[in-house]
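[1] I would like to see how this sequence folds:
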Amino acid sequence: MKVVIDSNVFVQCLNPFSRYNSVFQELVKGSYKLYVSTDIAFEYFEVFRQKFQNVKAEGIDRFFNESNHVVRTAVYYKWNLITVDPDDNKFVDCAIAANADYIVTNDKHFNILKEINFPKVSCITIEEFIEILKKH
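    Alright, predicted model coming up:
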């Protein structure tokens, strides 16, 4: 399963006491592949440094660079499908480039994608993704 995860959601998954931590644990186990572009990787690290101590942020960054379950994806075209918050387009562009099964986000700005027929991008909430992971 190919997945792109919004940075705000992913940060919640890293907390071992979060109800969403299973998403990170399933990534470590290889239950799915996380696809990230260079822009997403930079945003992840920036958010990690804001939320966590530098040592933990660097450890997470090392995991992203060394894990076989995190796939760097080159984005060659910017679709600009989300106009309300253009910064969110990095996740959409990566999902399209990777032919991802899902973008996992709780951000309402992504709801516009439900109205777009081409390119088709499937967005689900973190709760929906956890249910999918339970079935695999």
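[2] other SSEs contacting the worst-scoring helix or strand of the chain on mean pLDDT?
    Least confident helix or strand of the chain, by mean pLDDT, DSSP states H and E, is helix 54-66 with a mean of 82. The elements that helix 54-66 packs onto, with contact taken as 3 or more CB pairs under 8 Å, 6 or more residues apart in numbering; DSSP states H and E, are helix 38-51. The C-beta positions use only the backbone N, C-alpha and C, and glycine is treated the same way.
[3] circling back to that earlier point, tell me which residues in the least confident helix or strand of the chain are buried?
    Across helix 54-66, burial judged by 16 or more other CB atoms under 10 Å covers A57, I60, F64.
[4] same deal with stretch 29-39?
    For stretch 29-39, a neighbour-count test (16+ other CB under 10 Å) marks S31, Y32, K33, L34, Y35, V36, S37, D39 as buried.
[5] can I assume the second one is in contact with V3?
    Yes - under the criterion of CB atoms under 8 Å, Y32 makes contact with V3 at 5.1 Å.
[6] return the set of buried residues in the helix or strand containing D93.
    Element membership for D93, per DSSP states H and E: helix 89-98. By 16+ other CB under 10 Å, the buried positions in helix 89-98 come out as N89, K90, F91, V92, D93, C94, A95, I96, A97, A98.
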